[in-house]
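Student: following is a predicted model, sequence given first.
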Amino acid sequence: MTLVAVVLFFVSFGLQLATVLLALFLIRSTGRKLAWVLVSLAAVLLAGLQLVSSAAVLTGSRAFVFPVPDLVALGASGLLFAGFLLIWRYVRSLRPAEAAGKTRPEAAAQEKEAGSGIAERTRSEETQREVNERLSAVLQASPAAIVTLDSDGIVTLWNRAAEQIFGWTKEEATGKFLPIMPEDEFGEFRGLRERVLRGESEFGRETRRFRKDGSHVYVSVSTAPLFDTNGDISGIISVITDITERKRLEDQLRHAQKMQAVGQLAGGVAHDFNNILTAIIGYGSLLQMKMDKDDPLAVHVEQILTSSERAANLAQQLLTFSRKQIIALKPVGLNGIVRRSEKLLSRVIGEDIEFRTYAAEDETTVLADSGQIEQVLMNLCTNARDAMPGGGLLTIRTGMARMSEEEVRARGYGKAGTYAVISVADSGTGMDEKTRERIFEPFFTTKEMGKGTGLGLAIVYGIVKQHNGYIDVESGPGKGTVFTIHLPFVKPVADESPPAEPVVVRGGAETILLAEDDTDMKDLIKDVLERFGYEVVDAKDGEDAVQRFMERRDAVKLLILDVVMPKKNAREVYETLSGIKPGIKCLFISGHTKETIRRKGVSEETVDLIYKPISPKELLLRVRRILDTDSGAEKISTPGS
């Protein structure tokens, strides 16, 4: 019986202990603490009662019987355990339902709150994704290159504009050290990177960068720190704009401004300079006329006249370079110009330089002033000679070329069309890039002091531009230089002019009114005319010319008028005198530029005009030709016509 008592004890005790544990579980699961605590206390009291009764049996203090308390305790323990087990299973069945269906009001509220949180999180993620997509689209659509680097200078972002400007694709650039840096700027770049990583920024810095093909591109760079989500500097972001075209236009503007400055200088001194040259050439020519051919001083006079002619040509070149001199364009062939210049150019370059010319088989006709094109060849060949002090090879070629729209876009200038081409190539020392960029600047020279004016190539540039052409240069240190000139091609026109006849200078006995405000010039012209039999009435200004004409109007057969004079200019004087004596003949003279003369209402197309410096022979021939014609200067246009 003792064994039975022990078993019953442990069964009763186990049931009561399980009941207490289930009660604790229900307290935790349902939150109804008071009810389950009371039930648990009842189970504990029953377990205690059973424990006392069983202990008495085990100690032998009483015999094993089933008194009412023991039976009640055992039955109550069984019922409590069974009840709690059923309740526990019911609660277990409710928890999945609450998690899935939320049938209870509290579960429904929790579900609503949880669902709201999930929806908010989803919306936040979608919004962030949209922002990222928009930001990526902006970065890719930006016309400026946007590049990000980590703290070591490794590329982490390379947008589409960076691909277009520099040539490297995103795959080629990302994950590598920034590839666009010239070697000579590595030190400067490291300094900039260190400053930016310390929190500094830099905006609008203009510099050079490399393209994938090795060429340079001028860029404007703005750089700032790149921050991570914690607010710490994690790298660098740079916005890079291609300013190559702007730089080219700025260079063109600076060149044009320099040309304008030289043009203003040349135009300002042209009048006085030409008057001085006219006096030198005039008196030198008169001296030469009086000398015998075997006079030992004749060679010196000839040198004076030759130097004066060179000075006159220099003045004209300056005016042409500045585009102040209006040139007469006529159809001429480049092949013919090269052939005519070949002998002179051979003497200029010297015997230690091999000289070759290659003429195109096709016609290379252009609208040009042949004298100006010859000057271009002279200046280019002189420049080539100086680049080959130890001798070398000089080559002139002519040809034809077609410039397409694609080539125009690649060059950045010009017009599509057909061009006659002339190139001058030498095997000399060549030029580096910095020198090549400045060679057409006025007064820029690499020659020693006293050996160059810095105007030779500037004059070439001015002449080519005035002929609506383009000039390119290719050169490198030790690789020689090639100048290539493109001039618009025109269809050749047959030359129907008769052959020139020998020129004979003749004088006359007519009376000529000479109006010139420069005393030396006036005295020279008067002296020359009187030596050849003419009677000269001289005047010092426009009003004086009108007064002197009124005194001798019946005798005066020709007017020689300086275009620009005090009180009345030549046009005003001629209009006044032709009103008094219709049909009076007139020769206009001037030392000013053609542009200035045209502003005064006078041009070669409407009147007889001769430019200073004037040689006595040229003056006498023009005077005789005008006097021998039937009409005078009636062809001059009136204001507004």
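Tutor: Perfect, thanks for sending it. From a predicted model like this one, the values you see are computed outputs, not experimental measurements.
Student: what is the helix or strand harbouring Thr357 packed up against?
Tutor: Per DSSP states H and E, Thr357 falls inside strand 353-358. If contacts are counted by 3 or more CB pairs under 8 Å, 6 or more residues apart in numbering; DSSP states H and E, strand 353-358 sits against helix 334-349, strand 392-403. Where you see a C-beta, it was placed from the backbone N, CA and C, and this is true even at glycine.
Student: just the mean pLDDT for the helix or strand following it, thanks.
Tutor: The first helix or strand that comes after strand 353-358 along the chain, using DSSP H and E, is strand 365-368. Strand 365-368 comes out with an average pLDDT of 88.
Student: buried ones in strand 365-368?
Tutor: Using 16 or more other CB atoms under 10 Å as the test for burial, strand 365-368 gives Thr365, Val366, Ala368.
Student: need the contact partners of it.
Tutor: Residues from elsewhere that reach strand 365-368, judged by CB atoms under 8 Å, 6 or more residues apart in numbering: 329-334, 420, 467, 487-493.
Student: pull up the pairing partners for the helix or strand harbouring Leu587, direction included.
Tutor: Here Leu587 sits within strand 585-590, counting by DSSP H and E. The strands beside strand 585-590 in its sheet (DSSP bridges) come out as strand 556-562 (parallel), strand 609-611 (parallel).
Student: so, low pLDDT: which residues of the stretch 101-250 of the chain?
Tutor: By pLDDT under 70, the low-scoring segments of the stretch 101-250 of the chain are 101-117.
Student: helices of that one, start to end?
Tutor: All helices of the stretch 101-250 of the chain, identified by DSSP state H, counting those that start in this stretch, fall at 105-141, 160-166, 170-173, 186-197, 244-290.
Student: just name the most buried of those.
Tutor: Mean neighbour count (mean count of other CB atoms under 10 Å) peaks for helix 160-166 among the helices of the stretch 101-250 of the chain, with a mean of 19.
Student: partners of the strand holding Thr357, with directions?
Tutor: strand 392-403 (parallel).
Student: so what touches the strand it pairs with?
Tutor: 334-335, 338, 345, 349, 353-360, 362, 364, 377, 381, 384-385, 388, 414-428, 480, 486, 489.
Student: quick one: average confidence on that strand?
Tutor: Average pLDDT, strand 392-403: 91.
Student: and for stretch 342-350?
Tutor: So the average pLDDT for stretch 342-350 ends up being 82.
Student: buried residues, the strand holding Thr357. List them.
Tutor: In strand 353-358, counting by 16+ other CB under 10 Å, buried: Ile353, Phe355, Thr357.
Student: kindly report the same for stretch 335-347.
Tutor: Neighbour-count burial for stretch 335-347 [16+ other CB under 10 Å]: Asn335, Ile337, Val338, Ser341, Leu345.
Student: how about residues contacting it?
Tutor: 355, 357, 359-360, 363-364, 370, 373-374, 377-378, 381, 396, 398, 422.
Student: now those: which count as buried?
Tutor: 355, 357, 359-360, 364, 370, 373-374, 377-378, 381, 396, 398, 422.
Student: before we move on, back to that, and the angle from the strand holding Leu587 to helix 244-290?
Tutor: Calculated by axes from the mean of the first three to the mean of the last three CA atoms, to 10 degrees, strand 585-590 forms an angle of 120 degrees with helix 244-290.
Student: now strand 585-590 - C-alpha only, CSV.
Tutor: Once non-C-alpha atoms are left out, strand 585-590 reads as follows in CSV (Å, rounded to 0.1, in the frame of the first residue of the first chain):
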residue,chain,number,x,y,z
LYS,A,585,39.1,116.8,-116.1
CYS,A,586,40.4,115.7,-112.6
LEU,A,587,43.0,113.4,-111.1
PHE,A,588,42.6,112.6,-107.4
ILE,A,589,45.7,111.7,-105.3
SER,A,590,45.9,110.4,-101.8
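Student: burial measure for Ile237, as a count.
Tutor: 18 (other CB atoms under 10 Å).
Student: now it: how far from Phe186?
Tutor: Ile237 sits 20 Å away from Phe186, going by CB to CB, to the nearest Å.
Student: go ahead and confirm Ile484 touches Gly469.
Tutor: Heads up, residue 484 is Thr, not Ile. No: using CB atoms under 8 Å, Thr484 makes no contact with Gly469, being 10.4 Å away.
Student: compare the two (neighbour count), which wins?
Tutor: Gly469 (21 against 17).
Student: just the pLDDT for that one.
Tutor: 90.
Student: that one: what's it in contact with?
Tutor: Contacts of Gly469 by CB under 8 Å, 6+ apart are Tyr419, Ile485, His486, Leu487, Pro488.
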